[in-house]
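**Q** When you get a sec, could you give me coordinates for this:
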Amino acid sequence: MGFLPILNIKQFDFKVDEGEFYANDFSSHLEKHHASITKPHKHDFYLIVLFTDGAGVHEIDFDSYPIKRGALFLMNPGQTHHWEFTEPAKGFIFFHSKDFYNVSFPNKNIDDYPFFYTSYNLPFLLLKEKELDLFSSVFTSITEEFELNAFMRYQKLALLVDLLYIETTRLYIKSEQNDIHKIDIGVAWFMKLEQLIDQKFLTMKKASDYAFELNVSTKHLNKVVINTVGKTTTDLIHQRILLEAKRLLTHGELTVQEIAFELGYEDTSYFSRLFKNKCGMSPSDFSKRYINK
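**A** The predicted structure follows:
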């Protein structure tokens, strides 16, 4: 199921001796890959972008964020996104596989960083000028190191990336932009639930089913979810279903009835009502926003 293109890191300027890693200044990246990144698509890697100039909108999982000086984006594998620019953009971009990080740091895990911990955490920070100077310097070092054929290049890139993630975490956990960032006792439960929903949302639609799978009461699971992301378990299930619906609707290969069936709904009318209630428009109206781009 699914028709959104999934970009692989090897489609870019992949360098074998670097492991799975890519870096570039954003203008050069955009010039070379413009056709593939301005329509909704997914990646199989972690993607980080810093804008130093430009204007527009970056849509991630169908939520919109501003492209402007100081905008920093940190995306998980599998998230849907595309760019729309109203002024030429400048900045930096790099991306890498999970193994690039986890092999370099065997005692850490990239998913422990709050911006990668869950897709419910914001993938966006707006840096102040002083912060932008520091981050631009690190991004410049990453880009320059990627282009060099220097001794222990792979190791230095990993260290620079980790430094950037540490500095980002310091800003992220104190930023007023982010309501969802605290790591507490509910984290383990929430991670299990999120993974389970991702695996089972086509066939399991009730909160009680997930509570049973996790061997907890529905009430307890709901309390953990509310404390972690301010939503109910049912909200999370619907959110995942509707995200998949949006992904399918953006390409127009399937009818609304076929999409409803793909998502486990035999009653197309019920699915359409659910979509409109949660998204504010009908599935067909949503599809029209994308298929003619």
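**Q** hang on, residue 74 in a helix?
**A** No: according to DSSP: H, G, I helix; E, B strand; the rest coil, the state of residue 74 is strand, so it is not within a helix.
**Q** which ones are touching it?
**A** Listed by C-beta atoms under 8 Å, 6 or more residues apart in numbering, the contact set of residue 74 reads 46, 47, 48, 115, 116, 123, 124, 125, 168. From N, CA and C alone the C-beta is placed, and that goes for glycine too.
**Q** Is it bridged to anything, and to what?
**A** According to DSSP bridges, residue 48 are recorded as the beta-bridge partners of residue 74.
**Q** quick one: pLDDT of it?
**A** In this model, residue 74 is scored at 95, pLDDT.
**Q** Spell out, range by range, the helices that occur in the chain.
**A** Secondary structure of the chain by DSSP state H: the helices cover 26-37, 98-104, 114-117, 129-147, 153-172, 187-200, 207-213, 218-229, 233-249, 256-262, 268-279, 283-288.
**Q** Quick one: mean pLDDT over the shortest one.
**A** What that stands for is helix 114-117. Along helix 114-117, the predicted local confidence has a mean pLDDT of 86.
**Q** what does the fourth one give?
**A** Per-residue pLDDT values across helix 129-147 average out to 96.
**Q** thinking residue 98 is in contact with residue 110, fair?
**A** Yes: assessed by C-beta atoms under 8 Å, residue 98 is found in contact with residue 110 at 6.1 Å.
**Q** most packed of the helices of the chain?
**A** Burial of these is given as mean neighbour count (mean count of other C-beta atoms under 10 Å); helix 114-117 ranks first at a mean of 22.
**Q** Outline the domain layout of this structure.
**A** Under the assignment named as automatic domain parsing, the residue ranges that make up the domains of the chain are 6-172, 187-288.
**Q** and those domains, which one is worst for confidence?
**A** Lowest mean pLDDT of these: domain 6-172, a mean of 85.
**Q** follow-up on the earlier one: quick check: neighbours shared by residue 98 and residue 110?
**A** Both residue 98 and residue 110 are contacted by residue 46, under the criterion C-beta under 8 Å, 6+ apart.
**Q** Redo the helices of the chain as TSV? Include distance to residue 65.
**A** Rendered in TSV, the data for those read as follows (distance: least, C-beta to C-beta, whole Å):
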stretch	distance to residue 65
helix 26-37	15
helix 98-104	24
helix 114-117	13
helix 129-147	16
helix 153-172	15
helix 187-200	21
helix 207-213	30
helix 218-229	18
helix 233-249	16
helix 256-262	26
helix 268-279	18
helix 283-288	19
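**Q** which one of the ones you listed lies closest to residue 62?
**A** When the helices of the chain are compared for distance to residue 62 using C-beta to C-beta, the nearest one is helix 233-249, at 5.2 Å.
**Q** Taking their axis directions, that closest one and helix 268-279 sit at what angle?
**A** 110 degrees (axes from the mean of the first three to the mean of the last three C-alpha atoms, to 10 degrees).
**Q** Contacts for helix 233-249 next, please.
**A** By C-beta under 8 Å, 6+ apart, the list of residues contacting helix 233-249 from outside reads 1-4, 40, 42, 61-62, 80, 193-194, 197-198, 201, 204-207, 210-211, 218, 221-222, 225, 229, 231, 254, 256, 259, 262-263, 271, 274-275, 278-279, 283, 286-287, 290.
**Q** Next: stretch 258-274.
**A** Under the contact criterion C-beta under 8 Å, 6+ apart, stretch 258-274 has outside partners 1, 202-203, 205, 238, 241-242, 244-245, 248-249, 254, 256-257, 282-283.
**Q** and it, how far apart are its ends?
**A** One end of stretch 258-274 sits 16 Å from the other (C-alpha to C-alpha, to the nearest Å).
**Q** Check the offset of that stretch from the chain's centre.
**A** 26 Å (C-alpha atoms, centre = their mean, to the nearest Å).
**Q** try stretch 265-285
**A** Relative to its parent chain, stretch 265-285 has a centroid offset of 24 Å by C-alpha atoms, centre = their mean.
**Q** now the end-to-end length of it.
**A** Between the opening and closing residues of stretch 265-285 we find a distance of 19 Å, counting by C-alpha to C-alpha.
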